[in-house]
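**Student:** Only the shape, not the letters, is given here:
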């Protein structure tokens, strides 16, 4: 930018917005020195400008009318941090149409309206940056898009939801049930009052959409791929996997090139304890990429939270100031994806956990069904029967096709001696 | 860059140079699409142009006269991959003076001649990029400098030498002696015939110089800080630390802001098994940064090797093409360092391993010395005596000042019942 002074307007004075204000309060001096320009935060808009956010702010810059930012000729960069689809989308499009660069952390909006947002930015010759939308403070979109640009990506695996990872870590360490940990996480503020978005996999799916577009050039909307949350995971499964199989469970977003097309899916996954992703605990996130030249790369840090996310938002502002003319075309220009593979066609090892009446012939019936479907078994463990003469049975399969597994499970569920719902967890070993 | 075609010249057709050629062979199409410009590798200079490097190359572009690159008006970007101080430095400076952007992986040169290289790039208005010089294929310098630019850094810890990490991992997993693992690593090509540079800590120190400049704005030459390699580590220390203390050993480069100045040092370090860096094994590298807003971030991948390093080199070329006008001022413009702290002044926990005659009074003499120096002991373990009535003693101290530890060790070494050299390993717990 040619001007010596860059002015920033912030829409949304919530948790992350307050973090952005705090960075300007504390580090404005180094920001301006790095850019060799004076960088100012000149307006902060929110409907509520009276609640104390715990940060110092000049009351004169706090406004309720967002048009004082969107229509302000002095503002060069607009930060959108209100989240959700509307009015966030209207504000962003208007800012772009008025020639302003936009920085956002709004993964829901970006994942849903990718094309329209990118088109509008391009048409108006402005930058649109959203490093904070995936992995919070973790540098991932820029490295994927720039430092690693020489690569074709083979796979992307991400632990991208802090709430889910906190719950799974706690269940694993303390042997607690999902509901109990969720309740505690809500009390501590690690989980929302309505946690659906996090624990049912929506948040991870939205982030995976962004990564898939940047990594493989293909936009795959959420309704086009399989996603599953962590609500069905039991402490028994976690315990058995830990002690008997050397696995830990993580909610993974997976996008992977195969000869039969792109796999894209979100589900709880068992990983060997020795996998680096297995050491990513609590609210931390990590994205594990595999490039054809660079090999595996992992980027780790805080995937959410006021300070970490604000760090990425302000980093994007600085990057725009540094490189206004660069206008990166996000991701590969053409899709590198031949087709999208259905979850039915994936090949994986599986962990199958069920409860059956402890009597002769049950194991035989189950293994016969698996055998008929061409599924070979790596291990089968029948535990001692508990109340009502019911015994837990745990089967680990060799690699098999999902559709065959699903067919087998339908048939096994229909056996009259099999009680309760069968639990299925996919295993990642590469 | 305004032109529609960008030409690259490569100096050095060795291991990494051949990797760069391979990327152009395989992914040139996506490189050009990403840049929206035709990107060509038009000259590759090396003194030896007859040895087969295992990659396809047009014989017409292979040359022995480097001036066909340095003086070539058609070449926009020069990649220097010959390593070492001279003639690499002369070539780089000449390329800059001729208006060419330069990409290099030469950490030795950059660590030693930082100021001169940066000044020359600035004076000639060209970019100088060297992502590959630290952490091979791992995106670290760009993220540190750009995505995380809103932060003041508190600490940087790096496992940055693949050879040293391979040896320590292997010693740890198989209980082997340093010399035996080194020999095997040399046979496998994981260690150089002369491994001094890697195992004595020079390579890690040079990379730490680059990170310290980018992270803290301070150039600290190698002769100004303490570095130590891994040659004195014994399998017994590793074994005891693993089983009794839950530590693993890593060769760490550490740069850390403290109230008394910047600590900068390289030495084998014990880390809790639960630390994410403790899971970085074999030839992998990782850089663990702590920023005031982003908190901890870890960047992990292959720190060396033909393909991974070439990925970073080509990534830098693309970045220059994207953003020629950006001319990033590397690191904070001013040093954020008040003073450089001597190794004597650091505070750490320590692991002290020694061998003494197994008789009454020895432990008392040792603990008295520690006590007089104000060092409190977390644990002391005397193992059963072995041949010659000698028993290994292992002491873990609470936090203490290095100078007090060194004084104590001199005195303990002088005790007539203490035999063999005392081994000291610093412990990192944050």
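**Tutor:** That came through fine. Remember, it's a predicted structure, so these values are computed and weren't measured experimentally.
**Student:** Can you pull out the low-pLDDT segments for the stretch 251-400 of chain A?
**Tutor:** A:324-337 (pLDDT under 70).
**Student:** same thing but 90
**Tutor:** Applying pLDDT under 90 to the stretch 251-400 of chain A flags the ranges A:257-261, A:274, A:304-305, A:319-348, A:358-361, A:381-390, A:392, A:394.
**Student:** the strands in it, which residues?
**Tutor:** A:261-272, A:284-291, A:295-302, A:340-341, A:347-357, A:377-382, A:390-397, A:400-401 (DSSP state E, counting those that start in this stretch).
**Student:** can I get these in a markdown table with distance to chain B?
**Tutor:** In this view, the C-beta of every residue, glycine as well, is placed from N, C-alpha and C. Output for these, formatted as a markdown table (distance: least, CB to the nearest CB, whole Å):
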| stretch | distance to chain B |
| --- | --- |
| strand A:261-272 | 12 |
| strand A:284-291 | 6 |
| strand A:295-302 | 4 |
| strand A:340-341 | 20 |
| strand A:347-357 | 22 |
| strand A:377-382 | 25 |
| strand A:390-397 | 24 |
| strand A:400-401 | 30 |
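**Student:** now those in JSON lines, with mean neighbour count?
**Tutor:** As requested, the strands of the stretch 251-400 of chain A are arranged in JSON lines below (neighbours: other CB atoms under 10 Å in any protein chain shown):
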{"stretch": "strand A:261-272", "mean neighbour count": "23"}
{"stretch": "strand A:284-291", "mean neighbour count": "25"}
{"stretch": "strand A:295-302", "mean neighbour count": "24"}
{"stretch": "strand A:340-341", "mean neighbour count": "18"}
{"stretch": "strand A:347-357", "mean neighbour count": "21"}
{"stretch": "strand A:377-382", "mean neighbour count": "14"}
{"stretch": "strand A:390-397", "mean neighbour count": "20"}
{"stretch": "strand A:400-401", "mean neighbour count": "18"}
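**Student:** Between the ones you listed, which one is closest to residue B:134.
**Tutor:** With CB to CB as the measure, strand A:295-302 is the member of those nearest residue B:134 (14.0 Å).
**Student:** Now for residue A:52, how many residues are close by?
**Tutor:** By other CB atoms under 10 Å in any protein chain shown, 7 other residues sit near residue A:52.
**Student:** Over to it. Which of the three states is it?
**Tutor:** coil (DSSP: H, G, I helix; E, B strand; the rest coil).
**Student:** right, and the strands of the stretch 251-400 of chain A - which one's nearest residue B:33?
**Tutor:** Residue B:33 lies closest, by CB to CB, to one member of these: strand A:284-291, at 16.4 Å.
**Student:** now for that closest one, which elements pack on it?
**Tutor:** Contacts defined by 3 or more CB pairs under 8 Å, 6 or more residues apart in numbering or on different chains; DSSP states H and E place strand A:284-291 against strand A:153-159, helix A:162-174, strand A:295-302.
**Student:** Please enumerate residues in contact with that strand?
**Tutor:** Strand A:284-291 is contacted by residues A:134-136, A:138, A:140, A:144, A:148, A:151-162, A:165, A:211, A:215, A:276-277, A:280, A:296-304, B:137, B:298, B:311 when judged by CB atoms under 8 Å, 6 or more residues apart in numbering or on different chains.
**Student:** which of those residues are buried?
**Tutor:** Among those, those buried by neighbour count (16 or more other CB atoms under 10 Å in any protein chain shown) are A:134-136, A:138, A:140, A:144, A:148, A:151, A:153-162, A:165, A:211, A:215, A:276-277, A:280, A:296-304, B:137, B:298, B:311.
**Student:** so who does residue A:100 touch?
**Tutor:** So residue A:100 contacts A:9, A:70, A:75-78, A:126 (CB under 8 Å, 6+ apart).
**Student:** do residue A:181 as well
**Tutor:** Residue A:181 makes contacts with A:167, A:170-171, A:174, as judged by CB under 8 Å, 6+ apart.
**Student:** Any stretches of the stretch 101-250 of chain A with poor pLDDT?
**Tutor:** Applying pLDDT under 90 to the stretch 101-250 of chain A flags residues A:122, A:125, A:145-146, A:188-193, A:217-218, A:237, A:240-241, A:244-245.
**Student:** And the helices in it?
**Tutor:** With DSSP state H, counting those that start in this stretch, the ranges of helices along the stretch 101-250 of chain A come out as A:107-112, A:114-123, A:141-142, A:162-174, A:178-188, A:196-199, A:202-216, A:235-240.
**Student:** Identify each buried residue in the fourth one, please.
**Tutor:** Using 16+ other CB under 10 Å as the burial criterion, the residues of helix A:162-174 that qualify are A:162-172.
**Student:** Could you do the second one as well?
**Tutor:** Within helix A:114-123, the residues that qualify as buried are A:114, A:117-118, A:120-121, counting by 16+ other CB under 10 Å.
**Student:** what's that helix in contact with?
**Tutor:** Counting by CB under 8 Å, 6+ apart, A:89, A:92-93, A:96-97, A:102, A:109-110, A:127-128, A:209-210, A:213, A:219, A:330 sit against helix A:114-123.
**Student:** same check, this time on the fourth one
**Tutor:** By CB under 8 Å, 6+ apart, the surrounding residues in contact with helix A:162-174 are A:136, A:159, A:176-178, A:181-182, A:184-185, A:190-192, A:195, A:198-199, A:201, A:204, A:229-230, A:233, A:235, A:238, A:242, A:248-251, A:268, A:280-285, A:302-305.
**Student:** For the longest helix seen in chain A, name the packing helices and strands.
**Tutor:** Longest helix in chain A by number of residues, with DSSP state H as the criterion: helix A:15-35. Judged by 3+ CB pairs under 8 Å, 6+ apart, helix A:15-35 is in contact with strand A:5-11, strand A:38-45, helix A:306-322.
**Student:** Out of these, the one nearest residue A:84 is which?
**Tutor:** Of all the helices and strands packed on helix A:15-35, strand A:5-11 sits nearest to residue A:84, with 12.1 Å by CB to CB.
**Student:** how about the spatially closest residue to residue A:213 that is not a sequence neighbour, what does it touch?
**Tutor:** Nearest residue to residue A:213 in three dimensions, chain neighbours excluded: residue A:219, at 5.0 Å (CB to CB, 6 or more residues apart in numbering or on different chains). Residue A:219 makes contact with A:114-115, A:209, A:212-213, according to CB under 8 Å, 6+ apart.
**Student:** how near is residue A:219 to chain B?
**Tutor:** Counting by CB to the nearest CB, to the nearest Å, the gap between residue A:219 and chain B amounts to 17 Å.
**Student:** Phi and psi next, for that residue.
**Tutor:** phi -90, psi 120 (degrees, to the nearest 10).
**Student:** Show me which residues of the stretch 51-200 of chain A sit near chain B.
**Tutor:** Selection of the stretch 51-200 of chain A residues close to chain B by CB under 8 Å from any CB of the partner chain yields A:131, A:137-139, A:142-143, A:146-152.
**Student:** could you redo the last one with a cut-off of 10 Å?
**Tutor:** Proximity of the stretch 51-200 of chain A to chain B, by CB under 10 Å from any CB of the partner chain, involves residues A:131-132, A:135-152.
**Student:** Just say helix, strand or coil for residue A:48.
**Tutor:** coil.
**Student:** Surely it touches residue A:63?
**Tutor:** No. Residue A:48 is not in contact with residue A:63 according to CB atoms under 10 Å; the separation is 11.7 Å.
**Student:** Look at those two and report which has more neighbours.
**Tutor:** Applying other CB under 10 Å to residue A:48 and residue A:63 shows that residue A:63 carries more neighbours, namely 18 against 10.
**Student:** List the contacts of the more buried one.
**Tutor:** By CB atoms under 10 Å, 6 or more residues apart in numbering or on different chains, residue A:63 lies in contact with A:9, A:11, A:13, A:43-46, A:49, A:69, A:72.
**Student:** which residues does it bridge with?
**Tutor:** residue A:45 (DSSP bridges).
**Student:** what's the spacing between it and chain B?
**Tutor:** Separation of residue A:63 from chain B (CB to the nearest CB): 23 Å.
**Student:** What confidence value was assigned to that residue?
**Tutor:** On pLDDT, residue A:63 comes in at 97.
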